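Engineer: Could you look at this predicted model? Sequence included:
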Amino acid sequence: MSDKNSTQTERVIVYIDGFNCYFGLKENNWKCYYWLDYQKLAQKLAGRINAENTELITVKYFTARISSPEGKRKRQSDYLEALQSRVGLEIHYGHYRENTFKCSGCERPNFIPNEKQTDVNIAVQMMADAFQDKFDTAILIGGDSDLVPPITKIRELFPKKRVMACFPPNRSSKQILKAVNGQLHIKEADLKNNLLPDKLEKPDGYIIKRPLQWR
């Protein structure tokens, strides 16, 4: 519960490391939860801070578009379109860079995609929102310890603001836990009860469907 006056509205912004969440679900073999409605989940988490006087200002989802293989690219694209249909959710994009390496056996060049900018984008958004006084509490869904410095600086410059950690499945960071004000937990029931509809219709009539591989 919040330690603020009970009549004061608690303004909350939720920041989501999309790939950190995805790989946590993947390692748990929870493909059925890939179609997660992060706006609904964020509302649920915000309510656990102060159920009566919480205002979820916005949800900021950070990711990068992949270019291959085609099946995965299409599923990600459909999912991002579905997320974009949710009122109050913003998507912030980094980019993928393909690192080249040679196979030790055949000497053929291979490419490993390496996602860039997510940590920087999250840090910039959190710092900017703190300076512009857009939140009282920030919830970070992710487990990358590279975000410890901005968390520490926000708490140093704005001691009345709080930063809460919320780790995806199979993700944790002792460094983050030491830096934040507290921790929220995502249970499997939170994932199961906060999925997007299997079909969403856009304003232009286009239907977005949940991928069969994610059912």
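Structural biologist: Nice, thanks for sending it over.
Engineer: only C-alpha atoms for contact and neighbour calcs from this point on.
Structural biologist: Will do.
Engineer: Show me the strands in this structure, by range?
Structural biologist: 10-17, 54-63, 89-93, 95-102, 109-116, 137-141, 162-167, 182-185, 199-201, 207-209 (DSSP state E).
Engineer: Mean pLDDT added to the ones you listed, as a markdown table?
Structural biologist: What follows is the strands of the chain, written out as a markdown table (pLDDT from 0 to 100):
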| stretch | mean pLDDT |
| --- | --- |
| strand 10-17 | 97 |
| strand 54-63 | 96 |
| strand 89-93 | 96 |
| strand 95-102 | 59 |
| strand 109-116 | 54 |
| strand 137-141 | 98 |
| strand 162-167 | 97 |
| strand 182-185 | 94 |
| strand 199-201 | 93 |
| strand 207-209 | 96 |
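Engineer: So, low pLDDT: which residues of this protein?
Structural biologist: 1-7, 51, 96-116 (pLDDT under 70).
Engineer: Any idea how far stretch 143-152 is from the middle of the chain?
Structural biologist: On the basis of Cα atoms, centre = their mean, to the nearest Å, stretch 143-152 sits 14 Å off its chain's mean C-alpha point.
Engineer: Kindly report the same for stretch 40-49.
Structural biologist: With Cα atoms, centre = their mean, you get 13 Å for stretch 40-49.
Engineer: and it, which residues are buried?
Structural biologist: For stretch 40-49, burial by neighbour count (16 or more other Cα atoms under 10 Å) applies to 40-47, 49.
Engineer: quick revisit: save the strands of the chain as CSV, and put in distance to residue 28 too.
Structural biologist: Shown next, in CSV, are the strands of the chain (distance: least, Cα to Cα, whole Å):
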stretch, distance to residue 28
strand 10-17, 17
strand 54-63, 20
strand 89-93, 25
strand 95-102, 24
strand 109-116, 21
strand 137-141, 17
strand 162-167, 14
strand 182-185, 16
strand 199-201, 25
strand 207-209, 23
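Engineer: Please identify which of the ones you listed is closest to residue 78.
Structural biologist: strand 207-209 (6.5 Å; Cα to Cα).
Engineer: If you count neighbours, what's buried in that closest one?
Structural biologist: Quick answer for strand 207-209 (16+ other Cα under 10 Å): 208-209.
Engineer: Please enumerate the helices of the chain.
Structural biologist: 18-27, 38-47, 70-84, 118-131, 148-157, 174-179, 188-192 (DSSP state H).
Engineer: Does residue 18 touch residue 61 like I think?
Structural biologist: Yes: with contact defined as Cα atoms under 8 Å, residue 18 counts as touching residue 61 (6.3 Å).
Engineer: and these two? which has more neighbours close in?
Structural biologist: When residue 18 and residue 61 are compared for neighbours, residue 61 comes out ahead with 24 against 21, by other Cα atoms under 10 Å.
Engineer: mind checking how far residue 82 is from residue 37?
Structural biologist: Distance, residue 82 to residue 37, by Cα to Cα, to the nearest Å: 9 Å.
Engineer: Overlap in contacts, those two.
Structural biologist: Residues touching both residue 82 and residue 37 (Cα atoms under 8 Å, 6 or more residues apart in numbering): residue 196.
Engineer: how about JSON lines for the helices of the chain, with distance to residue 8 added?
Structural biologist: Compiled in JSON lines, these are given as follows (distance: least, Cα to Cα, whole Å):
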{"stretch": "helix 18-27", "distance to residue 8": "31"}
{"stretch": "helix 38-47", "distance to residue 8": "14"}
{"stretch": "helix 70-84", "distance to residue 8": "30"}
{"stretch": "helix 118-131", "distance to residue 8": "18"}
{"stretch": "helix 148-157", "distance to residue 8": "20"}
{"stretch": "helix 174-179", "distance to residue 8": "25"}
{"stretch": "helix 188-192", "distance to residue 8": "27"}
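Engineer: Okay then, goodbye and thanks.
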